[in-house]
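> just coords:
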């Protein structure tokens with residue numbers, strides 16, 4: 001048995017880890033990098049996990065293509081409809097990816113506790129049965 005009595009317990013304090021926001025993936029278009037930074041900066045640093053990075057990259061690239069296609073459509077002399085179709089397709093793709101990523105307005109408000117009240121109207125008969133209110 002060892003020496004009994006008061007002993008000095010030296011407990012090493014763990015260093016505080018600084019959570020960093022994910023950086024844009026190498027090879028992304030500059031416009032997509034701007035979208036990435038704008039989205040990532042809205043959420044807490046640990047919101048997006050590594051498994052989300054590919055979907056987030058696809059969302060950002062689709063948003064960039066949408067912006068580029070709209071600019072080409074506006075700048076084209078004859079307002080070429082193919083650029084409008086590309087922009088529309090990318091807008092739809094962004095919408096689907098945003099839902100999967102949970103970055104839509106409804107998801108964001110619900111996560112922050114700002115969802116508001118239910119839009120379902122209250123029943124006029126609530127509380128008549130057994131004195132309960134619903």
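Nice, thanks for sending it over. The shown structure was predicted, so the numbers you read here are calculated from the model rather than taken from an experiment.
> For this structure, which element, helix or strand, carries the lowest mean pLDDT?
helix 105-111 (a mean of 65; mean pLDDT, DSSP states H and E).
> what's the span of stretch 25-45, first residue to last?
Here the two ends of stretch 25-45 are set 16 Å apart, with distance taken as C-alpha to C-alpha, to the nearest Å.
> Geometric centre of the chain: which residue is closest?
For the chain, residue 103 is the residue whose C-alpha lies nearest the centre (C-alpha atoms, centre = their mean; 3.3 Å).
> Name all residues that make contact with the nearest residue to that residue once chain neighbours are set aside.
Counting by C-beta to C-beta, 6 or more residues apart in numbering, residue 103 lies nearest to residue 39, which is 6.3 Å off, once chain neighbours are set aside. All C-beta spots, glycine's among them, are computed from the backbone N, C-alpha and C. Residues in contact with residue 39 (C-beta atoms under 8 Å, 6 or more residues apart in numbering) are 56, 59-60, 103.
> longest helix anywhere in this protein?
With DSSP state H applied, the helix covering the greatest number of residues in the chain is identified as helix 53-75.
> Okay, buried residues for that one please.
56-70, 73 (16 or more other C-beta atoms under 10 Å).
> I'd like to know which elements that helix is packed against.
Helix 53-75 makes packing contacts with helix 30-40, helix 81-101 when contacts are defined by 3 or more C-beta pairs under 8 Å, 6 or more residues apart in numbering; DSSP states H and E.
> just the angle between that helix and helix 81-101, please?
Comparing the axes of helix 53-75 and helix 81-101 via axes from the mean of the first three to the mean of the last three C-alpha atoms, to 10 degrees yields an angle of 150 degrees.
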